[in-house]
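> coords please:
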Amino acid sequence: MRKGLMAVTMLAVVASAVFASMASAADHRDSPLNVDSPTADINDVYAFRSPTNPDNLVVAISVTPLIAPSDNTTRGVFDSQVTYQVHVDLDGNLIDDAMVNIRKAGNSLVVEGLGSPVSAAITPPGADPIINTAGPVKVFAGLRDDPFFFDLAGFQGFLSDPRVPAKGLRAAGAGDPVDAFAGTNVLAIVLELPVTALTGGTSADSGVIKTWVSTRRGDRIDRMGIPTINTALIPSDMKDAFNKADPANDAANFRPVAIDTIDFLRGVVDGLFGVPQDGGPLGDLTSTQVGGALIPDVVTIDFSQPVQFPNGRRLQDDVIDAALGVVLNRGGAAGIGDGVAANDKAFLSAFPYLAGPHTAGGASAPLTPPNTGDGGLIDSGTSWTLSAAFLLIAVAFGGTAVFATARGRGR
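Take a look at the predicted model:
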């Protein structure tokens, strides 16, 4: 019995850490280093075919999260001390064969690694997008609406009082799902270039690349490929180490703990819903298979297939629903989604594709950006509430298991 109670305690500790860290979103503020260095914080990485020229690939990077319109001129400024890097692996060894370096110089971003350096003028807040061109390459840099969409409040409510949802992740009577990132801005870097310039091939419909993005201020601060990996699957005390690491070492250093996290999440959700796992968007995968697909944290694009999540990522792809389905192994009637299926502003049909930024002079009420968590650090009332709630949930599930075990032994 003492061993069973010890197991309950350990389960509770794991639950507390995992679900507190999951209160973050996509890759916004995903680690202590990013909380301390918001201008080097990568929020999201997108890679998709150009809607106007399918022979071109668009890579869009958002950084500096949760900019309120009233802060556009103060926080909406690129940091001259930060270097943004796009890594491309062509042979599958997870070591970059090509790298694009992007840094601020004056009122421009200097883009190196795409032939001759490109000096891309930064679009001032409120101005029409400045489209910088150099041969077949296009570059945009400036404020944009945050294209990420997610009902963070619904997710937090689900964590604090878990029950079978009525709308998205919200319980009956909790209202409709709301995009917590509506009205917030980010700094965006958008590149468009021919697919063949990346693959070295002769056709835009062939070739495979693996790509990821990182930031440095001297040393590396952040890196990202697939959304929610560091946020949801890596424990709090390993998040900075994960961001500083190279994808080539991910399988050895981070895949085992990610698989453990996936197993734990599946167990908790299965216990809550009472519905067996039935296969997510990628099919009926074991936690080991999912860990192998998500770790290393790189975006793999096979250009012979449609370029949309998880084969790349379009702006409109509902990555939260897809990620929940894959990690929890649930689809169809057993699927779990947040109920927010689109961005708050329509995306553009032409470069730079991301919607224009929200402005302080807009008709909306003054915005308080959502609390997305602090990189897994339990230093706020919200994070502690979520952690404590799942501490109790873990004890409840663990206690049930202990009771069943003790009863079985008494027969």
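
> helices or strands up against the longest strand along the chain?
Across the chain, the strand with the greatest residue count (assigned by DSSP state E) is strand 56-67. Counting contacts by 3 or more CB pairs under 8 Å, 6 or more residues apart in numbering; DSSP states H and E, strand 56-67 is packed against strand 42-49, strand 83-89, strand 185-194, helix 195-199, strand 208-217. Quick note: C-beta positions are derived from backbone N, CA and C, even for glycine.

> now it against strand 83-89, angle please.
Between strand 56-67 and strand 83-89, the angle comes out at 140 degrees (axes from the mean of the first three to the mean of the last three CA atoms, to 10 degrees).

> so, low pLDDT: which residues of the stretch 101-250 of the chain?
Filtered on pLDDT under 70, the stretch 101-250 of the chain yields no residues whatsoever.

> can you give me the helices in this structure?
For the chain, the helices defined by DSSP state H occupy 2-21, 32-36, 72-75, 152-160, 195-199, 239-244, 250-253, 255-273, 287-294, 319-328, 381-409.

> now do the buried residues in the third one.
Okay, so that is helix 72-75. Neighbour-count burial for helix 72-75, counted by 16 or more other CB atoms under 10 Å, picks out 72, 75.

> ok, back up a step: including mean neighbour count, could the helices and strands packed on strand 56-67 go into CSV?
Rendered in CSV, the data for the helices and strands packed on strand 56-67 read as follows (neighbours: other CB atoms under 10 Å):
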stretch, mean neighbour count
strand 42-49, 25
strand 83-89, 21
strand 185-194, 24
helix 195-199, 20
strand 208-217, 21
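
> figure out which of these is closest to residue 143.
With respect to residue 143, and counting by CB to CB, the nearest of those is strand 185-194 at 5.2 Å.

> give the contact list for residue 360.
Neighbour list for residue 360: 69-70, 72 [criterion: CB atoms under 8 Å, 6 or more residues apart in numbering].

> want to throw these into JSON lines with distance to residue 220?
As requested, the contacts of residue 360 are exported to JSON lines (distance: CB to CB, whole Å):
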{"residue": "69", "distance to residue 220": "31"}
{"residue": "70", "distance to residue 220": "31"}
{"residue": "72", "distance to residue 220": "28"}
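
> residue 176: how many residues sit nearby?
Using other CB atoms under 10 Å, residue 176 is surrounded by 11 other residues.

> weakest of the helices of the chain in terms of mean pLDDT?
For these, mean pLDDT drops lowest on helix 381-409, to a mean of 32.

> give me the sheet partners of the longest strand of the chain and which way each runs.
Here strand 56-67 is paired, per DSSP bridges, with strand 42-49 (antiparallel), strand 185-194 (antiparallel).

> redo those strands as a markdown table? Include distance to residue 292.
As requested, these are arranged in a markdown table below (distance: least, CB to CB, whole Å):
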| stretch | distance to residue 292 |
| --- | --- |
| strand 42-49 | 20 |
| strand 185-194 | 29 |
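
> show the average pLDDT along the longest strand of the chain.
Mean pLDDT, computed over strand 56-67, is 95.

> I'd like the distance between the nearest residue to residue 245 once chain neighbours are set aside and residue 98.
Nearest residue to residue 245 in three dimensions, chain neighbours excluded: residue 253, at 6.3 Å (CB to CB, 6 or more residues apart in numbering). Distance from residue 253 to residue 98, counting by CB to CB, to the nearest Å: 24 Å.

> got it, and residue 191?
According to CB to CB, residue 191 and residue 98 sit 13 Å apart.

> please apply the same query to residue 337.
Look at residue 337 and residue 98: by CB to CB, they are 36 Å apart.

> before we move on, what about residue 321?
32 Å.

> which one's more surrounded, the two?
Comparing residue 321 with residue 98 by other CB under 10 Å, the one with more neighbours is residue 321, at 21 against 16.

> go ahead and confirm that one touches residue 342.
No - under the criterion of CB atoms under 8 Å, residue 321 is not in contact with residue 342, lying 11.6 Å apart.

> between these two, which contacts overlap?
When CB under 8 Å, 6+ apart defines a contact, no residue borders residue 321 and residue 342 alike.

> burial count for the residue lying closest to residue 52 once chain neighbours are set aside?
Among residues not flanking residue 52 along the chain, residue 350 sits closest, at 5.9 Å (CB to CB, 6+ apart). Using other CB under 10 Å, the number of residues around residue 350 comes to 10.
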